[in-house]
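S.K.: A predicted structure for the sequence below; I have some questions about it.
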Amino acid sequence: DGGITQSPKYLFRKEGQNVTLSCEQNLNHDAMYWYRQDPGQGLRLIYYSQIVNDFQKGDIAEGYSVSREKKESFPLTVTSAQKNPTAFYLCASSPRTSASAGHNEQFFGPGTRLTVL
Amino acid sequence: GQQVMQIPQYQHVQEGEDFTTYCNSSTTLSNIQWYKQRPGGHPVFLIQLVKSGEVKKQKRLTFQFGEAKKNSSLHITATQTTDVGTYFCAGRGSGYSTLTFGKGTMLLVSP
C-alpha cells in the first residue's frame, strides 16, 4: 500500500525544546516537501528536497532544519529558535519538481499537529 | 517572489447552488494545480492545467486557466454536501521548481 506517512498525528512539547517530525514515503518519489499550515494562511513552504543529500530553504525556513539521508525519509526538526511553532505540519512528495514536467502533482501525508505549551 | 491570491476566502451556499473560486498570480505561471482539503484532512490533488486557455471538467467541477496564464478558476455546478472543504490553487512560475499556494477558499454547503 503506497503512500506517505507522518507521525505522530498530535504532538505536544514544552517551549524551548527541539522536536523532530517524521515523514516517510514509499512512492519512490524524488522530491519531498514540508509545509506549515495556519488557519487562514494556506500552505507555506518550509523546506524541500529534490534529491537525496540535498535540500533547499522555502519561504519560512527560519527555526527549522531538515535532512535527506534516504530517498524515502525527510524528517523536519522544529528548533527552539522557531518563534511560533504551534501549527499543522504537512509533508508531501512528488515524482519530480521540474517546472516543465508533467505529472508532478504533490501527494500529502496526513499531517502532524504540533502544540507547544 | 511569487504571489498567488485566491478569492473568496470563504463561501456558504445552499445545496444545489453553484460555487466559484478564483486564483490570480502576480507572475506568469507554467502550470497551476488545484487541491481539495476536507475538514480535518490533508490536501488532495484534483487537477493540473498547463496550456493557455485550457478548460478541464471533472463531473460537476470545471477548471479554467486564463489566456495569459496568470489566473485560474474552479467552478462547481449544483453543489452537494460532499463538496464541503477548502479548495486551494497552487501555481508554479516559469523557472521555479516549487508551487506557491493560495490561501484557499473554504466552502460550506447547507442541506
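M.R.: Received the coordinates, thanks.

S.K.: Can you pull the residues of chain B lying near chain A?
M.R.: Neighbours of chain A within chain B, by C-beta under 8 Å from any C-beta of the partner chain: B:1, B:6, B:9, B:30, B:33, B:35, B:41-45, B:48, B:50, B:88, B:90, B:92-104. (Each C-beta comes from the backbone N, C-alpha and C, glycine too.)

S.K.: Spatially central residue in chain A, please.
M.R.: Centroid-nearest residue in chain A: A:Trp34, 2.3 Å away (criterion: C-alpha atoms, centre = their mean).

S.K.: any idea which element that residue lies in?
M.R.: Under the criterion of DSSP states H and E, A:Trp34 resides in strand A:31-38.

S.K.: Report the rounded mean pLDDT for that strand.
M.R.: The average pLDDT within strand A:31-38 is 96.

S.K.: just stretch A:53-72 next, same as before
M.R.: Here the average pLDDT along stretch A:53-72 is 96.

S.K.: Is the spatially most central residue of chain B in a helix, a strand, or coil?
M.R.: Residue closest to the average C-alpha location in chain B (C-alpha atoms, centre = their mean): B:Cys89, at 4.1 Å. What DSSP: H, G, I helix; E, B strand; the rest coil gives for B:Cys89 is strand.

S.K.: for the strand holding A:Trp34, which positions count as buried?
M.R.: A:31-37 (16 or more other C-beta atoms under 10 Å in any protein chain shown).

S.K.: Check stretch B:55-66 too.
M.R.: For stretch B:55-66, a neighbour-count test (16+ other C-beta under 10 Å) marks B:61, B:63-66 as buried.

S.K.: Show me what from chain A comes close to chain B.
M.R.: Counting by C-beta under 8 Å from any C-beta, chain A sits next to chain B at A:33, A:35, A:40-45, A:48, A:50, A:58-59, A:90, A:92, A:97-100, A:102, A:104-111.

S.K.: Going through those, which ones are buried?
M.R.: Among the residues of chain A next to chain B, those classed as buried by 16+ other C-beta under 10 Å are A:33, A:35, A:42-45, A:48, A:50, A:58, A:90, A:92, A:97, A:99, A:104-109, A:111.

S.K.: Which members of those residues are positioned in strands?
M.R.: The strands, defined by DSSP state E, take in A:33, A:35, A:42-45, A:48, A:50, A:90, A:92, A:107-108 from these.

S.K.: now, which of those residues sits nearest B:Thr77?
M.R.: Ranked by distance to B:Thr77 (C-beta to C-beta), these are led by A:Gly42 at 25.2 Å.

S.K.: I'd say the closest one and B:Tyr87 touch.
M.R.: No. Under the criterion of C-beta atoms under 8 Å, A:Gly42 makes no contact with B:Tyr87, lying 11.0 Å away.

S.K.: Could you verify my assumption that A:Asp54 touches A:Arg68?
M.R.: Yes. Under the criterion of C-beta under 8 Å, A:Asp54 makes contact with A:Arg68 at 6.7 Å.
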